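In: A predicted structure for the sequence below; I have some questions about it.
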Amino acid sequence: MKLEFIGKFYDNHSLTIINRNIITRLSKKFDVYITAMDQYDPQYKIATDTVKVLKKLEAKDLGESSPDIQIRHTYPPVWNWPVGDKTKVIYIQPWEYPKVPFEWQYKFETFADGLIIPSNYIKQIFLDGGLSPSKAFVVPNGFDPKIFNKDKADVKPIYGIKPNKFNFLFVGNSQWRKGLDILINIWHKCFKKYDNCTLIIKDNPSIYGKNNILNEVIKMQYKTESAEVIYIDDNLSDIEMANLYKLSNVLVHPYRAEGFAMHVQEAMACGCLPVVPGGGPTNDFVPDEIGLKIPVSQQNVGISDPGIFAMKPGDAMTRMSTHTFINEPSGQHLEQVLKYVYHHHNKQDLYAKLDEIPMKNTWDHVTDMYEGVINEIGKRKSITRIR
Amino acid sequence: MTKKSAISLISYDANRFLCDSIKRYYEYVDEIVLGIDKDRITWSGNPFEIDENSLWKDLSAIDGDSKITIVEEDFHQSKIAIENDNYERNFLKQECNHELIVSIDADEMLVNAKEFFYEYVPIVEPYINKRDVSLIWSTPYKIITDKENVEIALIIANEDGTPFFGENQGFMTSRDSTFTYARWTDKSASGDNRLMSPLVALHWSLCRPQKELEQKIKNIGHSDLVDKDPFYQLWQQVDLDNYKEMRNFKTSGLGGAQWPRLEAVPLAELENYIKNYIQKAY
């Protein structure tokens, strides 16, 4: 079967990381061609072997032939018709908010042969928006166990992070949905200078845009005498990210809206306790038994508010009106959970629970799931696209 | 704590301001490098005179730890004032021995240097290789003696009468930076990579006797912009009877912030007035 994969492959956006890992593995199972929407850029520190595979795939030419299936994973989605009439189209489409863009629902219903969604939580949002259940497939995002594992033999001290301190790590950016503001607002209430702990914030401004986080956390430290905060905005390779996780004890991600939260899974694979809200997409891989979930309350928000950054001007959303409910993590409970973990007398009990979680979503396993979806769509009758 | 070098400039206003300025940060830095043009020519190409004997004597008196070095060089090579400004600052920076560089002008009096150097700088040190730290100006505008012979400072203030803290200037950078627009460097001149700080400086740039102000505005780094600015005409007209009429009166166009109004404060109380509201600065 000929597969054409359309998307970005060379930066560190979450979509790109998925594309890279999936396509290098799918290429061992299918006749794969890629149409790259970006170019190699050394600043993103992609492993040389991976770049070689991607370049080789990029150089392959479909010639006059058409692929049997196109897989498209981009933001925003690519709606162009495939050149060949018989080519089927599968979209991989994450989303984060309780309403999806109406254009997506309509196009996925009438144009796509299948839709791969990273979590059951987001699948339900697409279904609530009217998508046919027969089109929706949940395939989680993965992690590479060769890189993201609990082997700490080669861990290097970086950015002044002290391994003997209790390190909380946030990975994300300044977007409202990521909830960093909730964490910053409670950090100084939780821990002061004399506490032996650090909050590490790994930001990604080269992908998600410049922001004022560093000025805010410096001011917070100065005004409140909070425990140390280390801010990192460099591009890090997978190996460097794994190093960061291995220097950390807890991955804290008090998100309001997420599609999957891939870094939470990577951090858990490296031995970090996950502190995440209950009820969101992380429920697929963070069981309640870990006991560190933050309760959420439904909060009414205007989803067209530019500060929320869900819609673009001119977008319409499913399920009428522009108001929706967002799962707001409780800052008060987040404060309690962080203190609970830090002051826990027998932290090994907590880590024992982490060890019991089956970390099955390796990229190899996830690729097998992709293979299953591709074969299933391959067998189905093509949809009639509406012109 | 990382060692710090301070650079500052000796020019036409050195006798009036320089030693008082240095006293504010002397104990918090490890060396102070002062630049003076070898021909006593300003960046704008005009000659200046200072009482050098008196200045050297005053500097010696405050330099108990032998931190001060004076560098004489040709700092008026270009016909463009800002190029000379940048050149002098970069030249002085190269004379420094430490990684952290504090750049301060003679007419700036730090108000809360101790908190800045002891509490704030340790927090930001890890970031100074990629970013510059700014200070906040609080700007006295004019001193006028009232009928009771009390010196009154008219200071730029907010509508509610509190000090106006809306203007920033580059203050601390690392030695690998290059000054590209006065105290903004290649890291920060575009407006990015600036760390706000709680450091407040009383900036006496505008607040000096008329003849000295005239000299100043003809010789500053951006003196080319001053010719088109009605600031000086306005400044001459302001008195204790009409200062309340001044609203949004910044005419230079430099920086984004407007000057909302003027507040009258007895000169002797000026620093206390700033300190009372310093929490609002940051």
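Out: Here it is on my side, so go on. Residues are numbered from 1 along each chain as shown, chains lettered A, B, ... in the order given.

In: for the top helix by length along chain B, name the packing helices and strands.
Out: In chain B, ranked by residue count with DSSP state H as the criterion, the top helix is helix B:81-95. Applying 3 or more C-beta pairs under 8 Å, 6 or more residues apart in numbering or on different chains; DSSP states H and E, one finds that helix B:81-95 makes contact with strand B:4-10, strand B:31-37, strand B:68-73, strand B:100-103, strand B:179-181, helix B:223-226. Any C-beta I mention is one placed from the backbone N, CA and C, and that applies to glycine too.

In: so it versus strand B:68-73, what angle?
Out: Going by axes from the mean of the first three to the mean of the last three C-alpha atoms, to 10 degrees, helix B:81-95 is angled at 130 degrees with respect to strand B:68-73.

In: circling back: turn the helices and strands packed on helix B:81-95 into CSV, including mean neighbour count and mean pLDDT.
Out: Formatted as CSV, these follow (neighbours: other C-beta atoms under 10 Å in any protein chain shown; pLDDT from 0 to 100):
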stretch, mean neighbour count, mean pLDDT
strand B:4-10, 23, 98
strand B:31-37, 21, 98
strand B:68-73, 15, 98
strand B:100-103, 25, 98
strand B:179-181, 20, 97
helix B:223-226, 16, 65
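
In: closest one to residue B:146 among these?
Out: Closest to residue B:146 of these is helix B:223-226 (C-beta to C-beta; 29.5 Å).

In: report the helix or strand with the lowest average pLDDT across chain B.
Out: Ranked by mean pLDDT, DSSP states H and E, the weakest helix or strand in chain B is helix B:223-226, scoring a mean of 65.

In: following it, which helix or strand shows up next?
Out: Counting by DSSP states H and E, the element after helix B:223-226 in chain order, helix or strand, is helix B:231-237.

In: give me the contacts around that next one.
Out: B:141-142, B:206, B:210, B:213-214, B:217, B:226, B:246, B:249, B:251-252 (C-beta atoms under 8 Å, 6 or more residues apart in numbering or on different chains).

In: helices and strands around whichever helix or strand comes after it, which ones?
Out: Remark: after helix B:231-237, the chain's next helix or strand is strand B:261-266, criterion DSSP H and E. Here strand B:261-266 touches strand B:151-157, going by 3+ C-beta pairs under 8 Å, 6+ apart.

In: okay, angle between the strand it packs on and strand B:261-266 too, please.
Out: Using the same axes, to 10 degrees: strand B:151-157 against strand B:261-266 is 150 degrees.

In: in strand B:151-157, what counts as buried?
Out: B:152-157 (16 or more other C-beta atoms under 10 Å in any protein chain shown).

In: among those, which pair sits farthest apart?
Out: Longest span within the buried residues of strand B:151-157, C-beta to C-beta: B:152 and B:156, 14.3 Å.

In: and residue A:219, which of the three is it?
Out: helix (DSSP: H, G, I helix; E, B strand; the rest coil).

In: wait, isn't it in contact with residue B:196?
Out: Yes. In terms of C-beta atoms under 8 Å, residue A:219 counts as a neighbour of residue B:196; the distance is 7.3 Å.

In: what is in contact with the two at once?
Out: Common neighbours of residue A:219 and residue B:196 (C-beta under 8 Å, 6+ apart) are residue B:282.

In: show residues contacting stretch B:244-251.
Out: Contacts for stretch B:244-251 (C-beta under 8 Å, 6+ apart): B:229-231, B:234, B:238, B:257-262.

In: name the nearest of the residues you listed relative to chain A.
Out: residue B:257 (17.1 Å; C-beta to the nearest C-beta).

In: report the contact partners of the closest one.
Out: B:164, B:166-167, B:250.

In: one more: residue A:213?
Out: Residue A:213 neighbours (C-beta under 8 Å, 6+ apart): A:174, A:180, A:201, A:203, A:231.

In: buried among the contacts of helix B:231-237? Need that as a selection in ChimeraX.
Out: Selection command for ChimeraX covering only the buried members of the contacts of helix B:231-237, criterion 16+ other C-beta under 10 Å:
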select /B:141,142,206,213,217,226,246,249
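
In: please identify which pair of the contacts of helix B:231-237 lies farthest apart.
Out: B:214 and B:246 (20.1 Å).

In: OK, contacts around the residue nearest to residue A:293 when sequence neighbours are not counted?
Out: Nearest residue to residue A:293 in three dimensions, chain neighbours excluded: residue A:278, at 4.0 Å (C-beta to C-beta, 6 or more residues apart in numbering or on different chains). Going by C-beta under 8 Å, 6+ apart, residue A:278 touches A:288, A:293-296.

In: how about the residues of chain A near chain B?
Out: Applying C-beta under 8 Å from any C-beta of the partner chain, we find that chain A lies next to chain B at A:159-160, A:210, A:214-215, A:218-219, A:221-223, A:230-231.

In: next, the buried residues of the single longest helix found in chain A.
Out: Counting by DSSP H, the longest helix found in chain A is helix A:363-379. Under the neighbour-count criterion of 16+ other C-beta under 10 Å, helix A:363-379 has A:363, A:366-367, A:369-370, A:373-374, A:377-378 buried.

In: restrict that helix to CA atoms and write it as PDB.
Out: Listed next in PDB are the C-alpha coordinates belonging to helix A:363-379 (Å, rounded to 0.1, in the frame of the first residue of the first chain):
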ATOM      1  CA  TRP A 363       6.000   4.500  19.500                       C
ATOM      2  CA  ASP A 364       6.300   0.900  18.200                       C
ATOM      3  CA  HIS A 365       3.000   0.000  19.800                       C
ATOM      4  CA  VAL A 366       1.400   3.200  18.700                       C
ATOM      5  CA  THR A 367       2.600   2.600  15.100                       C
ATOM      6  CA  ASP A 368       1.000  -0.900  15.200                       C
ATOM      7  CA  MET A 369      -2.300   0.900  16.100                       C
ATOM      8  CA  TYR A 370      -1.800   3.300  13.200                       C
ATOM      9  CA  GLU A 371      -1.200   0.300  11.000                       C
ATOM     10  CA  GLY A 372      -4.500  -1.200  12.200                       C
ATOM     11  CA  VAL A 373      -6.400   2.000  11.300                       C
ATOM     12  CA  ILE A 374      -4.700   2.300   7.900                       C
ATOM     13  CA  ASN A 375      -5.600  -1.300   7.000                       C
ATOM     14  CA  GLU A 376      -9.100  -0.800   8.200                       C
ATOM     15  CA  ILE A 377      -9.600   2.300   6.100                       C
ATOM     16  CA  GLY A 378      -7.800   0.600   3.200                       C
ATOM     17  CA  LYS A 379     -10.500  -2.100   3.300                       C
END
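
In: which residues sit against it?
Out: A:1, A:3, A:21-22, A:25-26, A:29-30, A:68-69, A:71, A:88, A:90, A:113-114, A:116, A:137, A:139-144.

In: filter those down to the buried ones and hand me the PyMOL line.
Out: The following PyMOL line selects those of the contacts of helix A:363-379 that are buried, judged by 16+ other C-beta under 10 Å:
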select buried, chain A and resi 3+21+22+25+26+30+68+69+71+88+90+113+114+116+137+139+140+141+142+143+144
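
In: how far is stretch A:131-145 from where the chain is centred?
Out: 13 Å (C-alpha atoms, centre = their mean, to the nearest Å).

In: for that stretch, what is the average pLDDT?
Out: Stretch A:131-145 carries an average pLDDT of 97.

In: contacting residues around that stretch?
Out: A:14, A:18, A:21, A:92, A:105, A:108-109, A:112-120, A:123, A:126-127, A:238, A:260, A:262, A:265-266, A:269, A:284-285, A:359, A:361-367, A:369-370, A:373, A:376.

In: also stretch A:60-73?
Out: Contacts of stretch A:60-73 (C-beta under 8 Å, 6+ apart): A:1-7, A:15, A:18-19, A:32-34, A:78, A:82-84, A:86-93, A:113, A:374, A:377-378.

In: please apply the same query to stretch A:200-207.
Out: Counting by C-beta under 8 Å, 6+ apart, A:11-13, A:43, A:159, A:161, A:167-174, A:180, A:211, A:213-214, A:217, A:229-233, A:235-236, A:241, A:244, A:247-248 sit against stretch A:200-207.
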